[in-house]
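In: no FASTA, just this:
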Ligand code: AKB
């Protein structure tokens, strides 16, 4: 990837922070421009350029693209499902106008490649729940999910209309220990490890048998970078690729943690996020990603549990 300068908007978020550091290690700090609404501390700030910008500020982003001669954009800024239900208009504005701003800038400024994350939330209650196909019924009923579904249509439209090389993944719930998620429905699968280590116990807001597709952060980062580095003729999906690694429910995470911490206690106080989770798939058929650009996950539940407990 020599000669590329990559702008990552939303660089301080759960995925953005690790993606930024991964790309900086791989391609050199000065070639990866981190941007977010508020400056971070620590290695994200020290390891390369940082720009304070709101994804809704199109003119400001245009200035950053010109200043650094940006050739690729990753737009990772989003409000997730649970917070989106509390602030629906704000979520729509951030998720949709933010996306359209960057698509339009990518077109205007001849950006070589753009990345935008979709989610399993783009599916809805009428979608087949087991091995959800790449192409299927999509009637999401959260504002976050509606914005992801509409966003996928926008991405495909920009590709068809203008030949923009925009690529996307439908992330499952992402589990990580470096940066915590905020405002998602799958967040329990991160919190549970932190509470297991700190208190030996966790009270879960989803039901014990709520199966959801999940992925460990190293797999999510590798998938993102592999998709972006695949040659364009291998990319047959311009809306967003289904992507999978494992599926589990809270009781299964509890059992996995007990293999390393036999006294771990798990109980349940179910809240409004259960209703959101019930509308999402339990497992995902990602054969298109595996076939097109060679996607292969590395972590299953027990391998992830061991690594999480070693690090949190
Ligand atoms: C959320 O729970 O909102 C996100 C997602 C599945 O996109 N983690």
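Out: Perfect, thanks for sending it. Model, not experiment: these values are computed from the prediction. Numbering: from 1, shown residues only.

In: Run the chain-centre distance for the worst-scoring helix or strand of the chain on mean pLDDT.
Out: None of the helices or strands of the chain scores lower by mean pLDDT, DSSP states H and E than helix 43-46, at a mean of 93. A distance of 21 Å separates the C-alpha centroid of helix 43-46 from that of its chain, computed with Cα atoms, centre = their mean, to the nearest Å.

In: C-terminal to it, what's the next element?
Out: Beyond helix 43-46 in the direction of the C-terminus, DSSP states H and E gives the next helix or strand as strand 50-52.

In: now the strands for this protein?
Out: Along the chain, the stretches classed as strands by DSSP state E are 6-9, 32-36, 50-52, 72-75, 113-115, 118-119, 166-167, 169-171, 173-175, 201-204, 212-216, 241-242, 246-248, 265-268.

In: of those, which approaches the ligand most closely?
Out: Among the strands of the chain, the nearest to the ligand by Cβ to the nearest ligand atom is strand 118-119 (3.2 Å). The way it works is simple: take the backbone N, C-alpha and C, and place the C-beta from them, glycine included.

In: In the stretch 151-300 of the chain, which residue sits closest to the ligand?
Out: Closest point on the stretch 151-300 of the chain to the ligand, by Cβ to the nearest ligand atom, is residue 184, at 2.9 Å.

In: Distance of the residue nearest to that residue when sequence neighbours are not counted relative to residue 66?
Out: Setting aside the residues directly before and after it, residue 184 is nearest to residue 80 in space (Cβ to Cβ, 6 or more residues apart in numbering), at 4.0 Å. Residue 80 sits 31 Å away from residue 66, going by Cβ to Cβ, to the nearest Å.

In: count of neighbours near the residue nearest to residue 184?
Out: Close neighbours of residue 80, defined as other Cβ atoms under 10 Å, add up to 22.

In: Repeat that for residue 116.
Out: A total of 27 residues lie near residue 116 under the criterion other Cβ under 10 Å.

In: How about the contacts made by it?
Out: Contact analysis of residue 116 by Cβ atoms under 8 Å, 6 or more residues apart in numbering lists 74-75, 99, 102-103, 151, 155, 166-168.

In: With residue 81 instead?
Out: Here residue 81 is in contact with 119, 121, 142, 144-145, 183-185, 273, 276 (Cβ under 8 Å, 6+ apart).

In: and with 7 Å instead?
Out: For residue 81, the residues meeting the contact criterion (Cβ atoms under 7 Å, 6 or more residues apart in numbering) are 121, 142, 144-145, 184-185, 276.

In: Now do stretch 257-266: distance from first to last residue.
Out: Using Cα to Cα, to the nearest Å, the span of stretch 257-266 from its first residue to its last is 10 Å.

In: how far is that stretch from where the chain is centred?
Out: Stretch 257-266 sits 28 Å away from the centroid of its parent chain (Cα atoms, centre = their mean).

In: tell me the mean pLDDT for it?
Out: Averaged across stretch 257-266, pLDDT comes to 98.

In: hmm, back to that, relative to residue 288, which of the strands of the chain is closest?
Out: When those are compared for distance to residue 288 using Cβ to Cβ, the nearest one is strand 241-242, at 6.2 Å.

In: Which neighbouring elements make contact with the closest one?
Out: Taking 3 or more Cβ pairs under 7 Å, 6 or more residues apart in numbering; DSSP states H and E as contact, the helices and strands that strand 241-242 lies on are strand 169-171, helix 287-293.

In: okay, these, which one's buried deepest?
Out: Of the helices and strands packed on strand 241-242, the one with the most neighbours on average (mean count of other Cβ atoms under 10 Å) is strand 169-171, at a mean of 24.

In: Direction included, what does it pair up with?
Out: Neighbouring strands of strand 169-171 in its sheet, by DSSP bridges, are strand 118-119 (parallel), strand 241-242 (parallel).

In: nearest to residue 199, of those?
Out: Within these, the stretch nearest residue 199 is strand 118-119; the backing value is 29.6 Å (Cβ to Cβ).

In: Tell me which residues are up against the closest one.
Out: 148, 151-152, 168-171, 240.
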